[in-house]
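*Asks:* Attaching a predicted model along with its sequence, questions to come.
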Amino acid sequence: MSEKFSVSVIIPVYNIKDYLMDCLNSVANQKFLNKEVILIDDGSTDGSGEICEAYAAEHTDFRVIHKPNGGVSSARNQGINEARGQWIIFIDSDDVWSNPNCLQKLYSYAEKHNLDIVRFEYQAVNEKLEYIEPRSYDKSNIEGRVMDNYELVNWGISGEWFPWLYMIRKEAIGDLRFNEKTKFQEDIDFYSRLFASRELRCGYIDERMYLYRKRTASITTTARLSNLEGSFSLCDVFYNESIKIKDKRLKHLYVYYSVMMYYWTLQTIATDAYYPKRKEIIDKLSIENLRKNALLRKKQTSIPYKCLPFIYLPPAASIWLTKYKIILIQKLK
């Protein structure tokens, strides 16, 4: 078990047997050879664990770790702890790498520029791996050069914090781990703490080599009070991390996110999935207190004028106003 690898691929697995083989095959098809693939079976009950065992029996660079169910953060953490590679990359067990040279491209680019972290791009697909939700963006200002933390967070991530879009030097992660108490948007929590904790040499490759399968039954598409709670909790995460940051640009950006997470989560409550229970949600999550914090923090950053009314107004009025805006937009289409 002392063997060293260039890259450790970490795949959390939980009750995903219908899509698991697509993922495993895309990893096995990678032309990059000096890798280990760590399958963390997080207490699956649908046969996914047995699929992992069978696959590992036929692929010597795959190994399986079975653990009681603890959630995706605990699975990723165990993967980090077990990893023997110089670099770490995650892939979700219902997604795939569309390019067999994905690992090679990321590794070669990172080594060439002596990076700590390199980010690439994704394409959203449906359950049949058909392209959906066309994305349009311009990140030409960060291609082909080494960036600092602020540049990657502001222009490279640009609000999309997905954990599987990075290859990270294990040394750069250090003792940082995913927060196992956070069940939603745990990726934002992890990476916001990473970029606030140390200066990194960052890179970016504008290639869509990851297919992000958007399933109707996934946690990100299911209405849960805990999802809102996790989203609102990021207001404090960003603000508390901003206090540690020396780079004034990054500090300002973190305070901005601490306020905007309040605004963005209010917008979510206005959707059909949550709106009928808005009064209960406001009380249970003490949203009025969150609003007061947002009002204090907005003085330290620049918030778009169009967002300010939703921060100044009481939560119930802001949610109603957002709902009215949504209905009006739909009628105008």
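*Replies:* Right, received. Where do you want to start? Numbering: from 1, shown residues only.

*Asks:* how about the helices of the stretch 101-250 of the chain, start to end?
*Replies:* Taking DSSP state H, counting those that start in this stretch, the helices of the stretch 101-250 of the chain run over residues 102-112, 149-151, 170-173, 186-197, 225-242, 248-269.

*Asks:* Put together TSV for these, with distance to I205 and mean neighbour count on each row.
*Replies:* For every residue, glycine as well, the C-beta is placed using N, CA and C. Shown next, in TSV, are these (distance: least, CB to CB, whole Å; neighbours: other CB atoms under 10 Å):
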stretch	distance to I205	mean neighbour count
helix 102-112	6	18
helix 149-151	15	20
helix 170-173	17	15
helix 186-197	17	21
helix 225-242	26	19
helix 248-269	22	21
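
*Asks:* Please render those helices as a markdown table that adds mean pLDDT to the earlier fields.
*Replies:* Shown next, in a markdown table, are the helices of the stretch 101-250 of the chain (pLDDT from 0 to 100):
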| stretch | mean pLDDT |
| --- | --- |
| helix 102-112 | 98 |
| helix 149-151 | 98 |
| helix 170-173 | 97 |
| helix 186-197 | 96 |
| helix 225-242 | 95 |
| helix 248-269 | 97 |
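
*Asks:* Let me see the ranges of the strands in the stretch 1-150 of the chain.
*Replies:* For the stretch 1-150 of the chain, strands defined by DSSP state E, counting those that start in this stretch occupy the ranges 5-13, 35-42, 62-67, 85-90, 96-97, 117-125.

*Asks:* What lies in contact with the last one?
*Replies:* Contacts of strand 117-125 with the rest of the structure, by CB atoms under 8 Å, 6 or more residues apart in numbering, involve 98, 102, 105-106, 109-110, 131-133, 135, 152, 156-157, 162, 164-169, 172, 200-214.

*Asks:* May I have that strand exported as PDB, CA atoms only?
*Replies:* In PDB, the C-alpha atoms belonging to strand 117-125 read as follows (Å, rounded to 0.1, in the frame of the first residue of the first chain):
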ATOM      1  CA  ILE A 117      -4.900  23.700  -8.700                       C
ATOM      2  CA  VAL A 118      -6.300  23.600 -12.200                       C
ATOM      3  CA  ARG A 119      -9.900  24.100 -13.200                       C
ATOM      4  CA  PHE A 120     -11.700  22.900 -16.400                       C
ATOM      5  CA  GLU A 121     -15.200  23.100 -17.800                       C
ATOM      6  CA  TYR A 122     -18.400  21.000 -17.900                       C
ATOM      7  CA  GLN A 123     -21.400  20.400 -20.100                       C
ATOM      8  CA  ALA A 124     -24.800  19.700 -18.500                       C
ATOM      9  CA  VAL A 125     -26.600  16.600 -19.800                       C
END
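
*Asks:* pLDDT on it, on average?
*Replies:* Averaging pLDDT along strand 117-125 yields 97.

*Asks:* got CSV for the strands of the stretch 1-150 of the chain, with distance to G144 and mean neighbour count too?
*Replies:* Formatted as CSV, the strands of the stretch 1-150 of the chain follow (distance: least, CB to CB, whole Å; neighbours: other CB under 10 Å):
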stretch, distance to G144, mean neighbour count
strand 5-13, 22, 23
strand 35-42, 25, 23
strand 62-67, 34, 16
strand 85-90, 20, 23
strand 96-97, 22, 23
strand 117-125, 12, 20
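
*Asks:* one step back: can I get the buried ones among the contacts of strand 117-125 as something I can paste into ChimeraX?
*Replies:* Buried subset of the contacts of strand 117-125, written as a ChimeraX selection, criterion 16 or more other CB atoms under 10 Å:
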select :98,102,105,106,109,110,152,156,157,162,164,165,166,167,168,169,172,200,201,202,203,204,205,207,208,209,210,211,212,213
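
*Asks:* Just put the helices of the stretch 101-250 of the chain in TSV and tack on distance to H66.
*Replies:* Output for the helices of the stretch 101-250 of the chain, formatted as TSV (distance: least, CB to CB, whole Å):
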stretch	distance to H66
helix 102-112	25
helix 149-151	36
helix 170-173	23
helix 186-197	21
helix 225-242	26
helix 248-269	35
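
*Asks:* Nearest to K139, out of those?
*Replies:* Smallest distance to K139 across these (CB to CB): 10.5 Å, for helix 149-151.

*Asks:* Take the strands of the stretch 1-150 of the chain and write them to CSV, including distance to L290.
*Replies:* As requested, these are exported to CSV (distance: least, CB to CB, whole Å):
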stretch, distance to L290
strand 5-13, 30
strand 35-42, 31
strand 62-67, 34
strand 85-90, 30
strand 96-97, 38
strand 117-125, 30
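
*Asks:* The ones you listed: which one's closest to L253?
*Replies:* With CB to CB, the closest approach to L253 among those belongs to strand 117-125: 16.4 Å.
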